[in-house]
Every structure is written in C-alpha cells, then in structure tokens.
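Chemist: can't give you the sequence, but here's the structure:
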C-alpha cells in the first residue's frame, strides 16, 4: 500500500484521529499514518473552540478538506475564516480545497456526505468516538425493526427547546404520555447508545432537526427508525433523495400541528396502519444509494482530491 499522511484539526475535544470514518476509509487503500507536521491531507471541521489549529497550515502544501455534520456550508473563497451562528452555536469556517458536507451542490470540489451515512459500521469497528453508536449494514438491510414490543407511546429528545418542539410536546401530551429527554427535562446525559436503547420502548419518536435546510439529515431519523419507532420527522422536501418517505411521518406534509396530531392518533389506534409504516424499509427498495457507499467516497478522494 502507498503511504498516506493525514491529520485532523479543529474537531471537538477528545477527537480520536486514528479511530474515525475517514481514517478507516483511507486505510482500506493506503498505509495511513497521522502526521501533524507534514500531512498530505488535512481534515478540519468547524473549530469547536480550537481556534488557531487550522491556521498553522495556511501555507502548507497539503490538501485541506472541510468536513462537518452541522448545517453550515463550506468556504471555498474567503482566505479569512467565515463566522457563522447557527441554532445557538457559533462556528468559524476556514477556507478549504475540498469539502464533505450535507449540502446539495454542483461544485466538483464538494461531495455530499450527510451525518447519517457515518452512523453505519462500514468498516466493522463497532463504534468511534463520534458517532459513538453505529449499526451494521446487514442489520439495516434485514429491516427487522417491527419485532420488538412497544410499551410506551412517544419519545422526544432535544436540548434546544424551540417553540415548535415545545408546542408539539404539549399537544401530544394531551392524548397520551410523551416522555421527554434532554436538558429541558433534566434527565439526559449525552450518549447515543443510551438514547438508542431508550427509543426501543416507544411506538413513535418526534425528531426535529435543528434546522430546516435542504439535505441536512443527521442521525435522528436513522436512529428512530432502526430502534423500531415510527419517526415523526421535521425535514425538508428533498428527504426522499436519501430515505424512503413511506417509513416515517413528515411534519411538513401537514397544514397544521393539529392535523398532524389527528393522524398520529389514527395510526396509534390502528394496528394495521401502524405496522404498514414499520414494514417499510428505511431506504427505497431497501438499498443505500451508491454515492453514500464507502467505495464511492474513496474514489472521490483518490480521483479528485489526490490526483
């Protein structure tokens, strides 16, 4: 295997440079080593408070690759970092040569890689530091999420109590008990495995993305569906590009929260209707699209970034 030197900067504290998606992906083709002084590829993110790490490489020959699972765009033009505030968080976006983001883009320098695609255990590693919890591809393909018993009605997990989230929680709670998890409820510590195991007890899970933005799909729908819930999902109209729309209930398809509420009650009270949602696979024809497979992403790195 050819030697490939890489490094990661401006990620969250504790980020494991040798146990993450890109390290394992590149290791399928190259002899990968972490080189903080003279990398061939520099992966960077949205700084997470580590301001200045990226600046050490401004004049370095390495290819600079931006990755984020957040709903922020890549910066291809401005030599000066762009400051962005997004759903109660501030980010510094440095200039990049190439990018992996959620964004639908025709720019040849950018590859669309939404966060949910990193929640699959492509490399048989069992889990990374982030995402902490990943699922085997064959488990997803089996679509055997209907078998587990559900003894609770609905869960909502969020840390940011937006107006829409609070209104949904309050309205649904007038019908049956809705269990809330997150900072507003004072009962949740971060942990994807804990979250996933809790979701297995529920018939429904309300999943609001932090932002309504085309192509921005995180782990929320992915975790809810594979835990055996019917996801009640807040997303944009392009979601069918990634997922099978018949397996979840899209909040945006309803004229009002009240009309959505009426449909939820109908599904809850009709076992045949409920199970019809559960039987639907997460992906159309139960197939993950080719562009999300590691082979395609590795080809982009090899043929476009490293050429």
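Modeler: Sure, I can see it. What you are looking at is a predicted structure, and each value in this text was computed from that prediction instead of being measured.
Chemist: for the closest residue in space to residue 293 that isn't next to it in sequence, give me its contacts.
Modeler: Residue nearest to residue 293 in three dimensions, not counting chain neighbours: residue 122, with 8.0 Å by Cβ to Cβ, 6 or more residues apart in numbering. Placement of C-beta: from N, CA and C, glycine included. Counting by Cβ atoms under 8 Å, 6 or more residues apart in numbering, residue 122 touches 21, 24-25, 137, 293-294.
Chemist: likewise for residue 268?
Modeler: Counting by Cβ under 8 Å, 6+ apart, residue 268 makes contact with 153, 176, 203-204, 274.
Chemist: centre of the chain versus the longest helix seen in the chain, how much separation?
Modeler: Assignment by DSSP state H gives helix 257-269 as the longest helix of the chain. Computed by Cα atoms, centre = their mean, to the nearest Å, the chain-centroid distance of helix 257-269 equals 27 Å.
Chemist: swap in stretch 128-145?
Modeler: The mean C-alpha position of stretch 128-145 is separated from the chain mean by 13 Å, Cα atoms, centre = their mean.
Chemist: quick check: buried residues in it?
Modeler: Under the neighbour-count criterion of 16 or more other Cβ atoms under 10 Å, stretch 128-145 has 128, 130-135, 140, 143, 145 buried.
Chemist: ranges for the strands of the chain?
Modeler: Using DSSP state E, the strands of the chain run over 3-9, 31-34, 41-44, 63-67, 82-86, 89-93, 98-101, 110-112, 152-157, 178-181, 202-208, 230-234, 249-250.
Chemist: buried among the contacts of residue 122? Need that as a selection in PyMOL.
Modeler: A single PyMOL command selects the buried members of the contacts of residue 122 (16+ other Cβ under 10 Å):
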select buried, resi 21+24+25
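Chemist: tell me the one of the contacts of residue 122 nearest residue 74?
Modeler: Residue 74 lies nearest to residue 21 out of those, by Cβ to Cβ, at 17.4 Å.
Chemist: could you find the closest non-adjacent residue to that closest one?
Modeler: That would be residue 118: by Cβ to Cβ, 6+ apart, it lies 4.9 Å from residue 21.
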